[in-house]
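**Q** everything below, folded, please.
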Amino acid sequence: MTFTAIDFETATAFHPCSVGIVTVENGIIVEEFVSLIKPPNNLYSPYTISVHGIYPQDTANAKTFAQLFPEIQKRLQNRIIVAHNESFDRNVLFKSMAFYNLNHQNLGIANQWECTVKIYKAKGLKPTKLSDCCRAMQIALNHHEALSDARACAKLYLLK
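**A** The predicted model follows:
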């Protein structure tokens, strides 16, 4: 079980304001990475703020996605990628890359990732929100904190 779990929190639509990445080698978490990300013009939707509690003042001095991308890339390059509701996080990554003219083909990752929502839905768990899956599997979670969400996703995948 060697893979990378990722979670984005967004400021608006697909523009991320935080990323959490957990690297797993042979079934063991070997690295965790988290960073705030300054979205374009540091703009936020009131709704997203209410979900994750990250405000424009929190990211005013953070790196942009493009500036942070080398750190993200080295953790994702040629890896199996896992996310809870993978289509959301995959779209955030690929659309952010496109916004900054970065070619996602250069990452060497699949166009569809491993998805813990789909895995746990297939196991009969309902509902399959991250918090519900973590409760059922007794995994600690500080929901909507990117590193905690990525770590929980990694643990869910390890238990699949």
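**Q** partner strands of the helix or strand harbouring residue 21 and their direction?
**A** In this structure, residue 21 sits in strand 15-25 according to DSSP states H and E. Applying DSSP bridges, strand 15-25 is found paired with strand 3-12 (antiparallel), strand 28-36 (antiparallel).
**Q** so for residue 115, which of these sits nearest?
**A** strand 3-12 (11.1 Å; CB to CB). Placement of C-beta: from N, CA and C, glycine included.
**Q** excluding residues flanking it in the chain, which one is nearest residue 32?
**A** Computed as CB to CB, 6 or more residues apart in numbering, the closest residue to residue 32 that is not its neighbour in sequence is residue 22, at 5.3 Å.
**Q** residues near the one you found, how many?
**A** The tally of other residues near residue 22 (other CB atoms under 10 Å) stands at 27.
**Q** residues contacting it?
**A** 4, 5, 6, 29, 31, 32, 33, 147, 150, 151, 153, 154 (CB atoms under 8 Å, 6 or more residues apart in numbering).
**Q** ok, the second one touching residue 157?
**A** Yes. Under the criterion of CB atoms under 8 Å, residue 5 makes contact with residue 157 at 6.5 Å.
**Q** pick the most buried one from the strands paired with strand 15-25.
**A** Of the strands paired with strand 15-25, the one with the most neighbours on average (mean count of other CB atoms under 10 Å) is strand 3-12, at a mean of 24.
**Q** mean confidence for that strand?
**A** The pLDDT scores in strand 3-12 average 98.
**Q** and that strand, how far from the chain's centre?
**A** 2 Å (CA atoms, centre = their mean, to the nearest Å).
**Q** one more: stretch 78-90?
**A** On CA atoms, centre = their mean, the centre of stretch 78-90 falls 7 Å from the chain's centre.
**Q** same thing with stretch 125-133?
**A** Relative to its parent chain, stretch 125-133 has a centroid offset of 17 Å by CA atoms, centre = their mean.
**Q** next one: the closest residue to residue 123 other than its chain neighbours from residue 141, what distance?
**A** Residue nearest to residue 123 in three dimensions, not counting chain neighbours: residue 160, with 7.9 Å by CB to CB, 6+ apart. According to CB to CB, to the nearest Å, residue 160 and residue 141 sit 17 Å apart.
**Q** this completes my enquiry, with thanks.
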